[in-house]
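Asker: Predicted coordinates and the sequence they were generated for:
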Amino acid sequence: MESITIAPEERKSLIIEMKREMKPNRRLRIHITLLAAEGRSPTEISRTLFCLPTTVYSIVGRFGGRAAFEDLRMRGPMPLLGNAANERVEKLLEEDSPTEHGWLRSCWSCKLLALQLFREQATIVSRETLRRALHKLGLRWRRPRPVPPEKDSEEKIEEKRARLEEVQRMSDEAGSFFQDETKLETNPKVGFCWMRKAKQRSLCTPGTNRKVWSAGHSTSPQGDSTGWSGSAKTTICSSGYSSSYE
C-alpha cells in the first residue's frame with residue numbers, strides 16, 4: 001500500500017471536517033485516510049472501521065487531495081437533461097408562468113415542461129425523465145399555502161358590489177338553473193405545483209372560503225322555481241324532503 005503524508009494543519013482540519021460530515025461514505029473515506037497517514041496497515045484499518053480491505057486499498061490508492069473523498073461518477077449513459085436544460089427548467093418554474101408562453105394552464109406540469117423544452121431547445125424527453133430531474137434539483141410536487149388577501153379599498157368594494165348586482169340582474173332576467181345537490185365555494189380549489197423542498201409557496205385567495213350546498217329545480221326561466229341552500233348536504237336534503245311532502 002502506498003504511504004500517505006499529511007501536514008499537521010491539514011490533518012487537524014480533516015479531523016474537524018470528519019466530525020462535522022453528514023454523509024457516511026465521505027466520513028469513512030476521511031477516516032481511512034487519517035489512519036493510513038498514521039502508518040496503520042490495511043488489515044488493521046479494516047478491522048477498526050468494520051470495512052473491507054479492498055475499500056482501504058481503493059481510497060488510499062486514489063488519494064491526491066480532497067477530491068478523493070467525493071463520490072465517483074456513476075457508470076451509465078449521460079443524462080438527457082444537461083446543465084443548460086436544468087437551469088431553464090428552474091427558471092420556468094420559479095419565474096415564468098405557462099400563460100406567458102401561450103399555454104392555457106395555471107401551473108407547470110411534467111408533460112407541459114416537456115412540450116416547452118421541445119419547443120425551445122428541440123429536446124425530446126419524457127415526463128418521467130423530467131420528474132426524476134426535478135426531484136434531483138430539490139423540487140417537490142406540493143400544494144401551496146392559501147393566504148388571505150389584503151383589505152380592499154372603498155373603490156374596490158363598490159366595484160365588486162356593482163359587479164354582483166349586475167350578475168344578480170342577469171340571473172333574474174335569464175333564469176337560474178341549478179343541478180341537484182351542487183356544491184358552491186367562494187374560493188377556487190387549490191391545486192398542486194412544483195416548489196422548492198421545505199419552502200412552501202403562498203397563494204393569495206379572494207377571501208375566507210365558504211362552502212354552501214344548493215339544490216333545487218326550475219321548469220322554465222319564467223316559471224316557478226324551488227331551491228334550498230345550507231352549509232351541509234344533509235341540511236338541504238332534509239329541508240327539500242320536508243317541503244316536498246308539505
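Answerer: Yes, it's here.
Asker: Can you pull the phi/psi pair for L80?
Answerer: L80 has phi and psi values of phi -70, psi -30 when expressed as degrees, to the nearest 10.
Asker: where along the chain do the helices fall?
Answerer: Secondary structure of the chain, counting by DSSP state H: helices at 8-20, 24-37, 42-49, 53-61, 83-94, 110-121, 127-136, 154-174, 233-245.
Asker: shaky segments in the protein?
Answerer: Along the chain, segments meeting pLDDT under 70 span 1-2, 64-67, 72-76, 122, 171, 174-181, 215-246.
Asker: how does it divide up, domain by domain?
Answerer: Taking automatic domain parsing as the criterion, the chain consists of the domains 8-69, 83-137, 154-245.
Asker: now the ones you listed in CSV, with mean neighbour count and distance to P144?
Answerer: (Glycine included, C-beta is placed from N, CA and C.) Putting the domains of the chain into CSV (neighbours: other CB atoms under 10 Å; distance: least, CB to CB, whole Å) gives the following:
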stretch, mean neighbour count, distance to P144
domain 8-69, 15, 30
domain 83-137, 15, 9
domain 154-245, 12, 4
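Asker: Which one, of those domains, ends up nearest to P148?
Answerer: Nearest of the domains of the chain to P148, taken as CB to CB: domain 154-245 at 6.5 Å.
Asker: Present the helices of the chain as a markdown table; the columns should include distance to T182.
Answerer: As requested, the helices of the chain are arranged in a markdown table below (distance: least, CB to CB, whole Å):
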| stretch | distance to T182 |
| --- | --- |
| helix 8-20 | 59 |
| helix 24-37 | 56 |
| helix 42-49 | 67 |
| helix 53-61 | 66 |
| helix 83-94 | 35 |
| helix 110-121 | 30 |
| helix 127-136 | 34 |
| helix 154-174 | 15 |
| helix 233-245 | 10 |
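Asker: between the ones you listed, which gets nearest to G102?
Answerer: G102 lies closest to helix 110-121 among these, at 9.3 Å (CB to CB).
Asker: what angle separates that closest one from helix 83-94?
Answerer: Using axes from the mean of the first three to the mean of the last three CA atoms, to 10 degrees, the interaxial angle of helix 110-121 with respect to helix 83-94 works out to 120 degrees.
Asker: What is helix 110-121 packed up against?
Answerer: Helices and strands touching helix 110-121, as assessed by 3 or more CB pairs under 8 Å, 6 or more residues apart in numbering; DSSP states H and E, comprise helix 83-94, helix 127-136.
Asker: Would you mind giving those helices as TSV with distance to I157 added?
Answerer: Conversion of the helices and strands packed on helix 110-121 to TSV gives the following (distance: least, CB to CB, whole Å):
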stretch	distance to I157
helix 83-94	34
helix 127-136	42
